[in-house]
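**Student:** Here is a sequence with its predicted model. Questions after.
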Amino acid sequence: MRYTLFLYNEESSWADMSEADVQEQLGIFGAYIQDLKDAGVFVDTDWLQPSMAGTVITLKDGQRRVQDGPYADTKEQLGGYFVIDVPDLDAALAWAEKCPTARYGLIEVRPSAMPTE
Amino acid sequence: MTTAQARAEEVARASYGKLLAILAAGSSDIARAEDALADAFRTALEIWPERGIPDNPEGWLITTSRNRLKDGYRSAAHRTTTRIEEDIDMPAATASPSEDIRDPRLKLMFVCAHPAIGDTVRAPLMLQTVLGLEAEQIAPAFLLPRATLAQRLVRAKRKIKEARIPFVLPDQADMPDRLEAVLEAIYGTFALDWNGEVSASGEEDMRREALFLADLLVEMLPDEPEVLGLAAILSFTDARNGARVDSHGHFQPLETQDVRLWDRMRTVRARALLVRAQQIGRIGRFQLEAAIQAVHADRMMTGITNWRAIAQLYEGLLQIAPTVGAAVGRAAAVGRAAGPDAGLRALEQIDPEAVAGFQPYWATRAHLLKAGDLPEADDAFDKAISLTTDPVLRQYLERQRV
């Protein structure tokens, strides 16, 4: 079953990082991704630019409106995600707990609603 | 490196926590004490090579730091090189710290693990203040961005200062709980959870620091059996470090490890610590955990593992510190001592909700089912594997499944 781990953290924690720190974090995330791959549960991931770089678009009021991001001005912002394929929520939580972001941010674990063929 | 420089660094390593504890004790202001002490060390590096190393380097550093602190109260502008010159002309006798310096680091450790301090920052705070490690040395070990850890440390120090957490030893009534928090922080540092790839670099360093803190605590509280118990656990575990993964890169559980790879001296030392603890006659969870390790270590001499003794120790552990981990440990030992059926029955006594996502439960269940030749073993292995994030452990379970 597919689960997406949405990683939320205070953006300042990345913005304030030195180059060495960023490199180190990338190494730590790289190790995590490798573990996911070795375990055969990795599907996809991305690391996102800060929410300021986001653009919001909607047609819901009958007209096209484009707005500068972020979508929601909250302290914790979506900074990336992992899609993993594991048997159940227990396993998804085990991997979410292991994700480096869990140590300083929040992770929302959502099951996929996509019908499987 | 010059002699003065080497000496300053030697004093820094050996005395940092002591000096910091003395300086911060009055005000509970660790951050200011750190600044003053850093300043004093810098000054020492400038002045000792020219003027010679003082007879009492620690006293010199305390006096110099104190003067910095006093300067700070007046105005930062008072900090001039002239004042530094005055400081070093002070006679060594008056420079020696007058208060009780028997165990200033002990008070500092209790401050770091105070209930008002969040439990995730206790260990890093201890590493920084007692051992003088920099946030950037500690952060990677805890897989944290340096800025994040630095911010947490700053906040914790502010809390200590603003809430005026006192630099005192807990009284008799509070001692067991407060001591347990200190021991937990050290234990947590020793058993840091790593992702597979990064483990090689910093893991070993942090184990060393945890062992150092545990030994320091033994020196400062030689009559606390739980302190001896923790030091024994760390020593037993450390002794087996080289046997956890075999020459093929395969994980080996304790019971199949090659005992020739266990460090005999460290095991002897661990056992001596445990014996000392038991002589005091106040049982506790760390001692019981150490006793379990001691039974495993006996295999070095006897060639067998006394699972019945291990099961009994887990029962004792469950009585004084009930945890799911201990309940699962007991079931595994019962399974070895009295057969897989007995082990599975012991597992069934555990609240199913508590173990739904608990990897050791499923791994133990899988092994017991396999030992009993029961068909559900495969499902249990699958569940255990799905919960295992450590690659080496995962491969082990995959090999066991077939």
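**Tutor:** Now that the structure is in, tell me what you want to look at. Numbering: from 1, shown residues only, chains lettered A, B, ... in the order given.

**Student:** contacting residues around residue B:342?
**Tutor:** Residues near residue B:342 by Cβ atoms under 8 Å, 6 or more residues apart in numbering or on different chains: B:334, B:335. All C-beta atoms are positioned from the backbone trio N, CA, C, and that covers glycine.

**Student:** Which helix or strand lies directly C-terminal to the helix or strand it falls within?
**Tutor:** Using DSSP states H and E, residue B:342 sits within helix B:340-348. Downstream of helix B:340-348, the next assigned helix or strand under DSSP H and E is helix B:352-355.

**Student:** what mean pLDDT does that following helix have?
**Tutor:** The average pLDDT within helix B:352-355 is 93.

**Student:** And for stretch B:34-44?
**Tutor:** Across stretch B:34-44, pLDDT averages out at 93.

**Student:** Run the chain-centre distance for that stretch.
**Tutor:** Centre-to-centre, stretch B:34-44 and its host chain are 27 Å apart (Cα atoms, centre = their mean, to the nearest Å).

**Student:** repeat for stretch B:116-132
**Tutor:** The chain centroid and the centroid of stretch B:116-132 are separated by 10 Å, computed with Cα atoms, centre = their mean.

**Student:** neighbouring contacts of that stretch?
**Tutor:** Outside of stretch B:116-132, the residues within contact range by Cβ under 8 Å, 6+ apart are B:12-13, B:16-17, B:20-21, B:30, B:34, B:105, B:108-109, B:111-113, B:133-135, B:138, B:142, B:149, B:152-153, B:155-157, B:159-160, B:163, B:165, B:181-182, B:184-186, B:188-189, B:209, B:212-213, B:216.

**Student:** repeat that with 7 Å
**Tutor:** Residues outside stretch B:116-132 that contact it (Cβ atoms under 7 Å, 6 or more residues apart in numbering or on different chains) are B:12, B:16-17, B:20, B:30, B:105, B:108-109, B:112-113, B:133, B:135, B:138, B:142, B:149, B:152-153, B:156, B:159, B:163, B:165, B:181, B:185, B:188-189, B:209, B:213.

**Student:** tell me which residues in it are buried?
**Tutor:** B:117, B:121-132 (16 or more other Cβ atoms under 10 Å in any protein chain shown).

**Student:** ok, back up a step: buried set for the helix holding residue B:342?
**Tutor:** By 16+ other Cβ under 10 Å, the buried positions in helix B:340-348 come out as B:340, B:342, B:343, B:344, B:346, B:347.

**Student:** Nearest to residue A:40 among those?
**Tutor:** Here the nearest of these to residue A:40, counting by Cβ to Cβ, is residue B:347; it sits at 27.6 Å.

**Student:** Tell me how many other residues crowd the nearest residue to the closest one once chain neighbours are set aside.
**Tutor:** Excluding the flanking residues, the one nearest residue B:347 by Cβ to Cβ, 6 or more residues apart in numbering or on different chains is residue B:331, at 4.4 Å. By the measure other Cβ atoms under 10 Å in any protein chain shown, the count of residues near residue B:331 is 26.

**Student:** Verify the stated contact: residue B:393 with residue B:251.
**Tutor:** Yes: look at residue B:393 against residue B:251 with Cβ atoms under 7 Å: they come within range, at 5.5 Å.

**Student:** how far away is residue B:229 from residue B:214?
**Tutor:** Going from residue B:229 to residue B:214 by Cβ to Cβ, to the nearest Å gives 10 Å.

**Student:** Contact partners for residue 112?
**Tutor:** I'll assume chain A. With the criterion set at Cβ under 7 Å, 6+ apart, residue A:112 makes contact with A:1, A:2, A:3, A:4.

**Student:** Hmm, no, I was thinking of chain B.
**Tutor:** By Cβ under 7 Å, 6+ apart, the neighbours of residue B:112 are B:122, B:125, B:126, B:129.

**Student:** how about the helix or strand containing residue B:185, does it get close to chain A?
**Tutor:** Here residue B:185 is covered by helix B:175-190, with elements defined by DSSP H and E. No: shown here: helix B:175-190 not in contact with chain A (Cβ under 7 Å from any Cβ of the partner chain), separated by at least 13.1 Å.

**Student:** Show me the contact partners of that helix.
**Tutor:** Against helix B:175-190 from outside (Cβ under 7 Å, 6+ apart): B:109-110, B:113, B:115, B:122-123, B:126-127, B:170, B:206-207, B:209-210, B:213-214, B:224, B:226-227, B:230, B:234, B:286.

**Student:** what about it, average pLDDT?
**Tutor:** On average, helix B:175-190 scores 94.

**Student:** After the helix or strand of chain A with the lowest mean pLDDT, which helix or strand is next?
**Tutor:** Sorting the helices and strands of chain A by mean pLDDT, DSSP states H and E puts helix A:11-15 at the bottom, at a mean of 76. Proceeding N to C from helix A:11-15, the next assigned helix or strand is helix A:19-38, under DSSP H and E.

**Student:** Check which helices and strands that next one sits against.
**Tutor:** Packing partners of helix A:19-38 (3 or more Cβ pairs under 7 Å, 6 or more residues apart in numbering or on different chains; DSSP states H and E): strand A:42-47.

**Student:** CA atoms of the following helix or strand past the strand it packs on as CSV?
**Tutor:** As assigned by DSSP H and E, the chain's next helix or strand after strand A:42-47 is strand A:55-58. These are the backbone C-alpha positions of strand A:55-58, laid out as CSV (Å, rounded to 0.1, in the frame of the first residue of the first chain):
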residue,chain,number,x,y,z
THR,A,55,2.6,30.1,-6.7
VAL,A,56,-1.0,29.4,-6.0
ILE,A,57,-3.5,29.1,-8.9
THR,A,58,-7.3,28.6,-8.8
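
**Student:** what angle do the one helix or strand residue B:108 maps to and helix B:175-190 make?
**Tutor:** Taking DSSP H and E as the criterion, residue B:108 maps to helix B:104-112. Here helix B:104-112 runs at an angle of 90 degrees relative to helix B:175-190 (axes from the mean of the first three to the mean of the last three Cα atoms, to 10 degrees).

**Student:** Quick check, residue B:294 in contact with residue B:271.
**Tutor:** Yes: between residue B:294 and residue B:271 a contact is recorded at 5.9 Å, counting by Cβ under 7 Å.

**Student:** With neighbour numbers in mind, choose between the two.
**Tutor:** Remark: of residue B:294 and residue B:271, residue B:294 carries more neighbours, 23 against 19, as counted by other Cβ under 10 Å.
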